[in-house]
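[1] sequence and computational prediction follow.
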Amino acid sequence: MTDWDAVVVGSGPNGLVAANLLTDAGWSVLVLEAQDTPGGAVRSDRDVHPDFVHDTMSSFYPLAAASPVVRGLGLEAHGLAWSHAPAVLGHFDPASQRWATLHRDRELTAAGLEDLHPGDGEAWLELCRTWDVVGDSLVGALLSPFPPVRNGISAALAVRRAGGLDLVRTLLTPASSLARERFGSEAARLLIAGNASHADIPLDAPGSGLMAVLLAMLGQTVGWPVPQGGAGRLAEALVRRLQSRGGTLRCSAEVVGVEVDRGRARGVRLADGERIRARAVLADVAAPRLYGGLVRPEDLPARTLRRMQDFQLDPSTIKVDWALSGPVPWAVAPPQAPGTVHVADSVAELTETYAQIDAGAVPDKPFLLLGQMTTTDPHRSPPGTESVWAYTHMPQDVRRDAGEDGITGRWDHDDLERLADRMQARVERLAPGFGDRVTARRILGPRELEARNANLIGGALGGGTAQLHQQLVFRPVPGLGRAETPVRGLFLASASAHPGGGVHGAAGSNAARAALLARRLRRV
Ligand SMILES: Cc1cc2nc3c(=O)[nH]c(=O)nc-3n(C[C@H](O)[C@H](O)[C@H](O)COP(=O)(O)OP(=O)(O)OC[C@H]3O[C@@H](n4cnc5c(N)ncnc54)[C@H](O)[C@@H]3O)c2cc1C
């Protein structure tokens, strides 16, 4: 039987990035994917309506566009083309009946904010100027292995140049306070604070401000692009590049076990019993699955098993896809059409919504992240129509419904329909006539998401909470803050490893670098 240099379990963006980097280093690499198509949470389909492309899960890729690793792969040569919406992000404030809009052109963003409240434009430009000094180093430090030695030093120097302790304080300030301190209009505050809600860090907790600033500033510098033709095109480009360099991908190949002998990974076992030998195994697998079944408990130290009991998932997700016969009929049209729209009436409401989730309640006013995909990329549906989605976060364990529909948290057909109606009503309020334009609707609850990607445990989209207590050296658990695992030759390459969720390929790159180093040190 041939030994592969590496087997990569899972073909999400992290797995495919890892496989590409190892192939570049001359390794023989086999990627094993449980589903019948590659890409993990980076996929698109025509299941909602045959004329419409819908991204099954993720859609907008500012982190990929900013990621030195993804950029370094030169995916444009393998068929990837990016598309941008006229505006990056919009948030409508019902109280003032005004939109705050983020543009790739910072002056345009600032002019719009200044128009909402004198001084907000300058406040925005000041944030941009600070980001000019620290942004690249900070992104580099976030996306490299922890502790980030080279990027860390450069980030520390940049932070000093950009204001030292004042800047550190700004980045540690919770998003809700940051928004209040810096901006006068509620719309501008919402524009910044809504970004923190992409992760599950409460708006009033440290770390949420950094997330809010990071996503807003990436919108400013690289935009929030989408792959032309659908999210799946990004995965296809990664696969095409891998195969062009001799890497191999096998779909419909679920790994059910990592074979360990005397503390060292020797390969994997597939669901049909086939055994595949490899010198290194890179797992693009959620940590609770890797340490909760794929590796036998007897092959793991007791402390790892104990610490994994405290591993915290991020909230659940419910996603609704719509095929619309026309554009979203916004009652007040945004000045320029945004690709992403955040729906929340106020920063206070947003804070309350996340407190409800934390308390196990289905929010009565769920926060929506909404994507206008045909607006962003005309290839998604016929001219004049719109491919739209919205998703919202839910508690992993529902105790009650804060609304009036008696949603139980079983997430059966009834629960999903009721929640989708609640979400749709939120859109309808801002865009009367939205429902009349719906020609097809699909609802993906936790079970439907997990059936399409086993990493999305209970609908958790980030591979584990993004809150500070489970980041950096604490990810996935204290003591395992790097790609190396307690099993020699086994590396954690998924979003459960630092730096967490999002399509940036950093966890895959960190795992590939760790495997290459282990080979140099003759440890694999
Ligand atoms: C609804 C939703 C919306 C999102 N929106 C965005 C967004 O707009 N922008 C963004 O940057 N991020 C977004 N994300 C997050 C982002 O998609 C993920 O963080 C990212 O895909 C993680 O990549 P990964 O490679 O670690 O794992 P995944 O993409 O989850 O891929 C894991 C792969 O491993 C396979 N696998 C798992 N177990 C096995 C096994 N035992 N054997 C074989 N194969 C296995 C799975 O089938 C899957 O293909 C979103 C996620 C979701 C779910």
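    Right, received. Where do you want to start?
[2] would you mark the buried spots in the helix or strand encompassing Y354?
    Remark: Y354 resides in helix 347-358, with elements defined by DSSP states H and E. The neighbour-count check on helix 347-358 (16 or more other CB atoms under 10 Å) flags 347, 350-354, 356-357 as buried. Quick note: C-beta positions are derived from backbone N, CA and C, even for glycine.
[3] and the residues you listed, which is closest to the ligand?
    The shortest approach to the ligand among these belongs to I357, at 15.8 Å (CB to the nearest ligand atom).
[4] what about the closest one, distance to S316?
    Distance, I357 to S316, using CB to CB, to the nearest Å: 9 Å.
[5] what do you get for R426?
    Distance from R426 to S316, by CB to CB: 18 Å.
[6] need the contact partners of stretch 197-210.
    The contact list for stretch 197-210 (CB atoms under 8 Å, 6 or more residues apart in numbering) reads 170-178, 193, 196, 211, 215, 314-315, 342, 344, 347, 350-351, 354-355, 357-358, 367, 369, 393, 462, 465-468, 471, 500-501.
[7] run a quick neighbour tally on the closest residue to R264 other than its chain neighbours.
    Nearest non-adjacent residue to R264, counting by CB to CB, 6 or more residues apart in numbering: R488, 4.3 Å away. When counting by other CB atoms under 10 Å, one arrives at 15 neighbours for R488.
[8] correct me, but R488 touches D261?
    No. Using CB atoms under 8 Å, R488 makes no contact with D261, being 10.1 Å away.
[9] grab the nearest non-local neighbour of P378.
    Take P378 and drop its neighbours on the chain: the residue closest to it by CB to CB, 6+ apart is S83, 8.0 Å away.
[10] again, but for G74
    Excluding its sequence neighbours, the residue lying closest to G74 (CB to CB, 6+ apart) is R241, at 7.8 Å.
[11] could you do R233 as well?
    Using CB to CB, 6+ apart, the nearest residue to R233 is P227, at 4.0 Å.
[12] what are the bridge partners for the one you found, then?
    Legend: beta-bridge partners of P227 under DSSP bridges are W82.
[13] correct me, but it touches S83?
    Yes. Assessed by CB under 8 Å, P227 is found in contact with S83 at 7.3 Å.
[14] in terms of neighbours, single out the busier of those two.
    More neighbours surround P227 than the other of P227 and S83, with 26 against 18 (other CB under 10 Å).
[15] contacting residues around the more buried one?
    Contacts of P227 (CB under 8 Å, 6+ apart): 61, 80-83, 233-234, 237, 377.
[16] what's the burial count for L32?
    Around L32 there are 24 other residues, counting by other CB under 10 Å.
[17] what sits against the nearest residue to it once chain neighbours are set aside?
    Take L32 and drop its neighbours on the chain: the residue closest to it by CB to CB, 6+ apart is A253, 4.3 Å away. Going by CB under 8 Å, 6+ apart, A253 touches 32-34, 270.
[18] closest one of those to the ligand?
    Nearest to the ligand out of the contacts of A253 is A34 (CB to the nearest ligand atom; 3.6 Å).
[19] the ligand contacts on the stretch 1-150 of the chain?
    9-15, 32-35, 40-42, 57-61, 63 (CB under 6 Å from any ligand atom).
[20] among the residues you listed, name the ones in strands.
    Of these, the ones assigned to strands by DSSP state E are 9, 32.
[21] now intersect the residues of the stretch 1-150 of the chain next to the ligand with the helices, please.
    Among these, the ones falling in helices (DSSP state H) are 13-15, 63.
[22] okay, those residues in JSON lines with neighbour count and pLDDT next?
    Formatted as JSON lines, these follow (neighbours: other CB atoms under 10 Å; pLDDT from 0 to 100):
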{"residue": "P13", "neighbour count": "30", "pLDDT": "98"}
{"residue": "N14", "neighbour count": "34", "pLDDT": "98"}
{"residue": "G15", "neighbour count": "31", "pLDDT": "98"}
{"residue": "L63", "neighbour count": "25", "pLDDT": "95"}
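[23] ok so, going back, wait, the residue nearest to P378 sits on Q228?
    Yes. Between S83 and Q228 there is a contact at 4.6 Å, judged by CB under 8 Å.
[24] what bridges to the nearest residue to R266 once chain neighbours are set aside?
    Nearest non-adjacent residue to R266, counting by CB to CB, 6+ apart: E259, 4.7 Å away. On the basis of DSSP bridges, E259 is bridged to G267.
[25] could you double-check that E259 lies in contact with L270?
    No. E259 is beyond contact range of L270, at 11.0 Å (criterion: CB under 8 Å).
[26] what separation do you get for H413 and the ligand?
    Per CB to the nearest ligand atom, to the nearest Å, H413 is found 20 Å from the ligand.
[27] what is the burial count for that residue?
    Number of residues near H413 (other CB under 10 Å) recorded here: 10.
[28] which residue ranges of the stretch 1-150 of the chain form helices?
    Defined through DSSP state H, counting those that start in this stretch, the helices belonging to the stretch 1-150 of the chain, from first to last, are 13-24, 62-66, 68-72, 106-116, 120-142, 149-161.
[29] what's the answer for the stretch 351-500 of the chain, then?
    Per DSSP H, counting those that start in this stretch, the stretch 351-500 of the chain carries helices over the ranges 373-376, 413-430, 446-452.
[30] which one of these is the most hemmed in?
    With neighbours taken as mean count of other CB atoms under 10 Å, the helices of the stretch 351-500 of the chain reach their highest mean count in helix 373-376, at a mean of 25.
[31] gap between that one and the chain center?
    19 Å (CA atoms, centre = their mean, to the nearest Å).
[32] correct me if wrong: V487 contacts R266.
    No. Taking CB under 8 Å as the definition, V487 is not a contact partner of R266, at 10.0 Å.
[33] need the residues of the stretch 251-400 of the chain near the ligand, please.
    Within reach of the ligand by CB under 6 Å from any ligand atom, the stretch 251-400 of the chain has these residues: 254-255, 284-285, 317, 319, 391.
[34] and these, which are buried?
    Buried members of these, scored by 16+ other CB under 10 Å, are 255, 284-285, 317, 319, 391.
[35] tabulate the residues you listed (a markdown table), appending distance to V362.
    Below are those laid out as a markdown table (distance: CB to CB, whole Å):
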| residue | distance to V362 |
| --- | --- |
| V255 | 35 |
| D284 | 31 |
| V285 | 29 |
| T317 | 13 |
| K319 | 15 |
| Y391 | 14 |
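[36] in strands only, show me those.
    Using DSSP E, those in strands are 255, 317, 319, 391.
[37] now the two most distant members of the residues you listed.
    V255 and Y391 (28.1 Å; CB to CB).
[38] which residue is it, in the stretch 151-300 of the chain, that comes closest to the ligand?
    Counting by CB to the nearest ligand atom, the stretch 151-300 of the chain gets nearest to the ligand through V255 (3.7 Å).
[39] would you mind measuring from that residue to R275?
    Separation of V255 from R275 (CB to CB): 11 Å.
[40] try E181
    In terms of CB to CB, E181 sits 58 Å off from R275.
[41] swap in G72?
    Distance, G72 to R275, by CB to CB: 34 Å.
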